[in-house]
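Asks: Got a sequence here, can you model it:
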Amino acid sequence: MKVFGQRKRATAAIAAAGTLLALAACTPASTGTPAASSTSTSSSAASPQSSTTAPPSPSAEPGTSATVGALVPGFPQTLLPLMPAAKVVSSSFDKTTVPATVALVGSITAPAADVLAFYTKGLEAQGFKAVPGETVGTLPSKDFLRGDNETVNISVMETGGVSTFTIGANVAAESVK
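Replies: Residues are numbered from 1 along each chain as shown. The predicted model follows:
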(Lines give C-alpha, C1' and ligand atoms only; values in the text may rest on other atoms or scores of the structure.)
Protein backbone atom coordinates (compact mmCIF):
# COMPACT_ATOMS: atom_id res chain seq x y z
CA MET A 1 0.00 0.00 0.00
CA LYS A 2 2.90 2.32 0.72
CA VAL A 3 4.18 1.99 -2.86
CA PHE A 4 0.75 2.96 -4.20
CA GLY A 5 0.86 6.20 -2.19
CA GLN A 6 4.33 6.95 -3.52
CA ARG A 7 3.17 6.25 -7.06
CA LYS A 8 0.26 8.68 -6.61
CA ARG A 9 2.68 11.38 -5.44
CA ALA A 10 5.01 10.69 -8.37
CA THR A 11 2.08 10.86 -10.79
CA ALA A 12 0.93 14.16 -9.29
CA ALA A 13 4.46 15.56 -9.54
CA ILE A 14 4.77 14.51 -13.16
CA ALA A 15 1.43 16.08 -13.97
CA ALA A 16 2.55 19.30 -12.28
CA ALA A 17 5.89 19.27 -14.08
CA GLY A 18 4.15 18.61 -17.39
CA THR A 19 1.84 21.55 -16.78
CA LEU A 20 4.79 23.77 -15.94
CA LEU A 21 6.64 22.67 -19.06
CA ALA A 22 3.55 23.14 -21.24
CA LEU A 23 3.10 26.66 -19.89
CA ALA A 24 6.75 27.40 -20.52
CA ALA A 25 6.51 26.15 -24.08
CA CYS A 26 3.35 28.15 -24.79
CA THR A 27 4.46 31.44 -23.27
CA PRO A 28 5.98 33.67 -25.97
CA ALA A 29 8.96 35.83 -25.15
CA SER A 30 7.83 39.44 -24.88
CA THR A 31 8.96 41.73 -27.67
CA GLY A 32 8.13 45.26 -28.64
CA THR A 33 6.19 44.78 -31.88
CA PRO A 34 4.27 42.03 -33.64
CA ALA A 35 6.82 42.09 -36.48
CA ALA A 36 9.64 41.61 -34.00
CA SER A 37 7.72 38.74 -32.47
CA SER A 38 7.42 36.85 -35.77
CA THR A 39 11.09 37.49 -36.55
CA SER A 40 12.07 36.25 -33.11
CA THR A 41 9.94 33.13 -33.50
CA SER A 42 11.35 32.21 -36.91
CA SER A 43 14.96 32.75 -35.85
CA SER A 44 14.58 30.62 -32.73
CA ALA A 45 12.89 27.86 -34.70
CA ALA A 46 15.81 27.86 -37.16
CA SER A 47 18.44 27.64 -34.45
CA PRO A 48 18.55 24.13 -32.98
CA GLN A 49 20.47 25.24 -29.88
CA SER A 50 18.30 28.21 -28.98
CA SER A 51 16.21 28.11 -25.87
CA THR A 52 13.29 30.07 -24.60
CA THR A 53 12.88 30.68 -20.92
CA ALA A 54 9.39 31.45 -19.76
CA PRO A 55 9.06 34.77 -18.00
CA PRO A 56 8.16 34.40 -14.36
CA SER A 57 4.46 34.42 -13.68
CA PRO A 58 3.12 36.70 -10.97
CA SER A 59 2.83 33.68 -8.67
CA ALA A 60 6.24 32.17 -9.54
CA GLU A 61 8.52 31.71 -6.58
CA PRO A 62 12.22 32.55 -6.73
CA GLY A 63 14.02 29.27 -7.38
CA THR A 64 11.40 28.00 -9.85
CA SER A 65 12.34 27.90 -13.51
CA ALA A 66 11.56 26.16 -16.78
CA THR A 67 13.08 26.38 -20.23
CA VAL A 68 12.62 24.92 -23.69
CA GLY A 69 15.50 23.48 -25.73
CA ALA A 70 18.10 23.51 -22.95
CA LEU A 71 18.74 22.52 -19.37
CA VAL A 72 17.43 25.20 -17.05
CA PRO A 73 20.15 26.98 -15.01
CA GLY A 74 20.86 25.03 -11.84
CA PHE A 75 19.43 21.77 -13.25
CA PRO A 76 20.77 18.89 -11.09
CA GLN A 77 22.76 17.06 -13.76
CA THR A 78 24.37 14.75 -11.21
CA LEU A 79 20.94 13.45 -10.25
CA LEU A 80 19.53 13.32 -13.80
CA PRO A 81 22.30 13.47 -16.39
CA LEU A 82 21.32 13.94 -20.02
CA MET A 83 21.73 10.66 -21.88
CA PRO A 84 24.66 10.93 -24.35
CA ALA A 85 23.46 12.02 -27.84
CA ALA A 86 20.05 13.05 -26.45
CA LYS A 87 18.59 16.49 -27.11
CA VAL A 88 16.76 18.49 -24.45
CA VAL A 89 13.17 19.30 -25.39
CA SER A 90 12.44 21.09 -22.11
CA SER A 91 13.45 21.11 -18.47
CA SER A 92 12.23 22.54 -15.20
CA PHE A 93 13.45 22.79 -11.64
CA ASP A 94 11.62 23.95 -8.53
CA LYS A 95 13.82 23.96 -5.46
CA THR A 96 11.25 25.92 -3.42
CA THR A 97 9.10 22.84 -2.80
CA VAL A 98 9.75 20.05 -0.32
CA PRO A 99 10.67 17.75 -1.86
CA ALA A 100 12.24 19.62 -4.79
CA THR A 101 10.70 18.96 -8.22
CA VAL A 102 12.81 18.29 -11.31
CA ALA A 103 11.58 17.47 -14.82
CA LEU A 104 13.33 16.69 -18.09
CA VAL A 105 11.90 15.96 -21.52
CA GLY A 106 14.40 14.74 -24.11
CA SER A 107 14.61 12.92 -27.41
CA ILE A 108 17.11 10.50 -28.89
CA THR A 109 17.41 8.10 -31.80
CA ALA A 110 17.65 5.04 -29.60
CA PRO A 111 15.16 2.36 -28.55
CA ALA A 112 13.00 3.01 -25.48
CA ALA A 113 14.66 0.03 -23.76
CA ASP A 114 18.07 1.75 -24.06
CA VAL A 115 16.72 4.95 -22.50
CA LEU A 116 15.21 3.03 -19.58
CA ALA A 117 18.42 1.01 -19.12
CA PHE A 118 20.59 4.18 -19.05
CA TYR A 119 18.48 5.94 -16.43
CA THR A 120 17.86 2.77 -14.40
CA LYS A 121 21.61 2.21 -14.06
CA GLY A 122 22.22 5.83 -13.04
CA LEU A 123 19.38 5.99 -10.53
CA GLU A 124 20.19 2.64 -8.94
CA ALA A 125 23.81 3.82 -8.52
CA GLN A 126 22.38 6.72 -6.48
CA GLY A 127 20.38 4.41 -4.19
CA PHE A 128 17.00 4.46 -5.94
CA LYS A 129 15.12 1.17 -6.11
CA ALA A 130 12.92 0.27 -9.08
CA VAL A 131 9.26 -0.24 -8.20
CA PRO A 132 7.72 -3.33 -9.86
CA GLY A 133 6.12 -2.60 -13.22
CA GLU A 134 7.56 -1.67 -16.59
CA THR A 135 4.63 -0.05 -18.40
CA VAL A 136 1.61 2.16 -18.01
CA GLY A 137 -0.81 0.78 -20.56
CA THR A 138 1.47 0.15 -23.52
CA LEU A 139 3.90 2.98 -22.71
CA PRO A 140 7.29 1.94 -21.27
CA SER A 141 7.47 3.55 -17.83
CA LYS A 142 9.47 2.92 -14.65
CA ASP A 143 9.11 4.30 -11.16
CA PHE A 144 11.91 4.55 -8.61
CA LEU A 145 11.85 5.15 -4.88
CA ARG A 146 14.59 6.20 -2.45
CA GLY A 147 13.77 6.34 1.22
CA ASP A 148 10.21 7.31 2.07
CA ASN A 149 9.67 10.41 -0.05
CA GLU A 150 12.05 10.59 -3.02
CA THR A 151 10.53 9.40 -6.30
CA VAL A 152 11.48 9.39 -9.97
CA ASN A 153 9.36 8.35 -12.95
CA ILE A 154 10.65 7.77 -16.48
CA SER A 155 8.27 7.31 -19.42
CA VAL A 156 9.34 6.79 -23.02
CA MET A 157 7.36 7.08 -26.24
CA GLU A 158 9.05 5.67 -29.32
CA THR A 159 7.88 6.81 -32.77
CA GLY A 160 9.70 6.46 -36.07
CA GLY A 161 13.01 5.50 -34.48
CA VAL A 162 12.98 8.46 -32.08
CA SER A 163 12.39 8.00 -28.38
CA THR A 164 10.95 10.94 -26.49
CA PHE A 165 11.41 10.52 -22.76
CA THR A 166 9.94 12.35 -19.80
CA ILE A 167 11.56 12.21 -16.37
CA GLY A 168 9.87 13.64 -13.29
CA ALA A 169 11.51 13.59 -9.89
CA ASN A 170 10.58 14.62 -6.36
CA VAL A 171 13.75 14.60 -4.30
CA ALA A 172 15.24 15.98 -1.10
CA ALA A 173 16.96 19.36 -1.32
CA GLU A 174 20.37 17.81 -0.65
CA SER A 175 19.91 15.61 -3.76
CA VAL A 176 19.78 18.62 -6.08
CA LYS A 177 22.75 20.65 -4.81
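Asks: From now on I want contacts and neighbour counts done on CA atoms only, so please keep to that.
Replies: OK.
Asks: quick one, helices of the chain?
Replies: 2-26, 34-46, 112-125 (DSSP state H).
Asks: contact partners of stretch 69-86?
Replies: For stretch 69-86, contacts defined as CA atoms under 8 Å, 6 or more residues apart in numbering pick out 48-52, 65-66, 87-93, 102, 106-109, 115, 118-119, 123, 126, 175-177.
Asks: what is the rounded mean pLDDT of stretch 77-93?
Replies: The pLDDT scores in stretch 77-93 average 95.
Asks: quick one: buried residues of that stretch?
Replies: If you call a residue buried by 16 or more other CA atoms under 10 Å, then stretch 77-93 has these buried ones: Leu79, Leu80, Leu82, Ala86, Lys87, Val88, Val89, Ser90, Ser91, Ser92, Phe93.
Asks: For this protein, which residues score under the pLDDT cut-off?
Replies: For the chain, residues meeting the criterion pLDDT under 70 lie at 1-64.
Asks: Now intersect the contacts of stretch 69-86 with the strands, please.
Replies: 52, 65-66, 87-93, 102, 106-108 (DSSP state E).
Asks: can the residues you listed go into TSV with extra columns for distance to Gly133?
Replies: Below are the ones in strands among the contacts of stretch 69-86 laid out as TSV (distance: CA to CA, whole Å):
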residue	distance to Gly133
Thr52	35
Ser65	31
Ala66	29
Lys87	27
Val88	26
Val89	26
Ser90	26
Ser91	25
Ser92	26
Phe93	26
Val102	22
Gly106	22
Ser107	23
Ile108	23
